[in-house]
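>>> next input, structure requested:
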Amino acid sequence: MPLDSRWVRHLPRDEQEKFEQAVRHDTLVLGRLLAILEDELAALERSEETEAQFDNPNWQYKIAYRAGLRAQLNKVATLLNFLKE
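Residues are numbered from 1 along each chain as shown. Next up, the predicted model:
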């Protein structure tokens, strides 16, 4: 799977390949980060399964906040898709 271009777009062309190799070889740390992100997403989904969230008069703000949080967690997780090869 190709590496997301956001990993190397800040680098000059001559350094991109070296950096890509460094990212691809650091599977211990990045794999753990992916697991943490997946845990956070699962916890977020579990927190949305209760109807108690609607007891708060500002429930719609909580839902909007959680939607934004989920979007950002997913965005970071997509950077690590290459680990799922």
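>>> what's the helix or strand for the closest residue to Leu41 other than its chain neighbours?
Sequence neighbours aside, Leu73 is the residue nearest to Leu41 in space, at 5.3 Å (criterion: CB to CB, 6 or more residues apart in numbering). Backbone N, C-alpha and C define where each C-beta goes, glycine included. Per DSSP states H and E, Leu73 falls inside helix 59-78.
>>> can you pull the buried residues of that helix?
Buried positions in helix 59-78, judged by neighbour count with 16 or more other CB atoms under 10 Å: 73, 77.
>>> wait, the residue nearest to Leu41 sits on Asp39?
No. The pair Leu73 / Asp39 is not scored as a contact, 10.1 Å apart, by CB atoms under 8 Å.
>>> contacting residues for Pro57?
Applying CB atoms under 8 Å, 6 or more residues apart in numbering to Pro57 gives no contacts.
>>> ugh, wrong one, Pro2
Listed by CB under 8 Å, 6+ apart, the contact set of Pro2 reads Phe82.
>>> sec struct for it, please.
Here Pro2 is recorded as coil under DSSP: H, G, I helix; E, B strand; the rest coil.
>>> again, but for Glu49
Secondary structure state of Glu49, per three-state DSSP, is coil.
>>> what does it show for phi and psi?
The phi and psi values for Glu49, taken as degrees, to the nearest 10, are phi -80, psi -10.
>>> separation between Ile36 and Asp4?
For Ile36, the distance to Asp4 equals 18 Å [CB to CB, to the nearest Å].
>>> neighbours around the closest residue to Thr78 other than its chain neighbours, how many?
Among residues not flanking Thr78 along the chain, Asp4 sits closest, at 6.6 Å (CB to CB, 6+ apart). For Asp4, the neighbour count with other CB atoms under 10 Å is 14.
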